[in-house]
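# Next one to model:
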Amino acid sequence: MDSATEAFVTHRNLLFTVAYELLGSAADAEDVLQETWLRWVGVDLDTVRDRRAYLVRITTRQALSRLRTLGRRRESYVGPWLPEPLLTAPDVAEDVELADSVSMAMLLVLETLTPTERAVFVLREVFELAYDEIAEAVDKSPAAVRQIAHRARAHVTARRTREVVSAAETRRATEAFQRAIETGDLQSLLDQLAPDVVFLSDGGGVVEAALAPVVGADRVARLLAEGLPKIGATMSLQAAQVNGAPALIFRRDGKIDTVMAVRVDEGLIGGLYLVRNPEKLSRVERETVVSR
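Prediction:
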């Protein structure tokens, strides 16, 4: 293996995670990695002091270019847009900051940042890059990057619900919620939902899904009781680790029909994210490695 290939393979999982956190799409992140590789093989490695930082810089630039294009596409997306879910290893939850950074809830908050703010926030807060390294990646001065980082941090903090909860607490809430779904008991569903719970479903205009957010425990519980597929001979429900946290996967005749991720606030479910768009479900069939 030549040195360029060795460096790329060594850092591939990291580069994928950077691209995914900037884009919210595994398919687009893979395309960015292809573009990164094509540029990397043309680099004179004798001029590269830090190969990891250089690769992250290329990946960030390619992801930012793609993110600006995707932003225009998402404006015409049918119904709520949700990130593409990833089946992740259980040990991802042990790195609390990494698990939080790839969670559905955090990725949705990142969607409210500008592309440059998102890149600066992710590179600084998640991957702990130095300001001068980030400055080279986003073509800004280190002083400007510091200001952008401060602004992005304040923006994210204002939109995050509460403190990050443990994987064990999320698992307990998810398991109780799973039992309520399997029994179809409306009161049991209500008992697991926060009063201001938000329900988002992404069908991409391809399959049935709510076209607008549904807010409030009563409304969400009734929607779930009436709208969720009944567990039985053709429909099964299994627990899984998705985007670094416990989640539920519905399968119809063995094929993935819906991925349900949750956000837990103080022991209750404060956010429900249902991905049904078939184009977004392929990465739940096999485990994806994320790292930092």
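# drop to CA atoms for contacts and neighbour counts, all remaining ones
Fine.
# Name the residues of the helix or strand harbouring residue 226 that are buried.
In the assignment (DSSP states H and E), residue 226 maps to helix 217-227. Applying a neighbour-count criterion of 16 or more other C-alpha atoms under 10 Å, one finds 217-218, 220-221, 224-225 buried in helix 217-227.
# cool, and stretch 280-292?
By neighbour count, and taking 16+ other C-alpha under 10 Å as the criterion, the buried residues in stretch 280-292 are 280-281, 283-284, 288, 290-292.
# avg pLDDT for it?
Along stretch 280-292, the predicted confidence averages to a pLDDT of 93.
# gap between the two ends of that stretch?
Start to finish, the residues bounding stretch 280-292 are 23 Å apart (C-alpha to C-alpha, to the nearest Å).
# before we move on, what about stretch 223-235?
Between the start and the finish of stretch 223-235 there is a gap of 18 Å, counting by C-alpha to C-alpha.
# Begin at 50, not 1, for the rest of this chat.
New numbering, starting at 50: the last item is stretch 272-284.
# Around the spatially closest residue to residue 204 that is not a sequence neighbour, count how many other residues there are.
Distances taken as C-alpha to C-alpha, 6 or more residues apart in numbering place residue 162 nearest to residue 204, at 7.8 Å, with adjacent residues excluded. For residue 162, the neighbour count with other C-alpha atoms under 10 Å is 16.
# Repeat that for residue 113.
Going by other C-alpha under 10 Å, the residues that sit close to residue 113 add up to 21.
# that older thread, what does the pLDDT read for the residue nearest to residue 204?
Confidence at residue 162, expressed as pLDDT, is 95.
# tell me which element residue 307 falls in.
In the assignment (DSSP H and E), residue 307 maps to strand 304-314.
# what's downstream of the helix or strand encompassing residue 105, the next helix or strand?
Using DSSP H and E, residue 105 sits within helix 100-123. With elements assigned by DSSP H and E, the helix or strand that comes after helix 100-123 is helix 145-150.
# What mean pLDDT does that next one get?
Mean pLDDT, helix 145-150: 90.
# Touching that helix from outside, list them.
The contact list for helix 145-150 (C-alpha atoms under 8 Å, 6 or more residues apart in numbering) reads 70, 141-142, 155-156, 175, 213, 215, 292-294, 340-341.
# how does it look with 10 Å?
For helix 145-150, contacts defined as C-alpha atoms under 10 Å, 6 or more residues apart in numbering pick out 66, 70, 137, 140-142, 152, 155-156, 159, 171, 174-176, 213-216, 291-294, 339-341.
# With stretch 114-123 instead?
By C-alpha under 10 Å, 6+ apart, the list of residues contacting stretch 114-123 from outside reads 68, 71-74, 77-78, 80-81, 109-110, 112-113, 126, 129-130, 160, 163-165.
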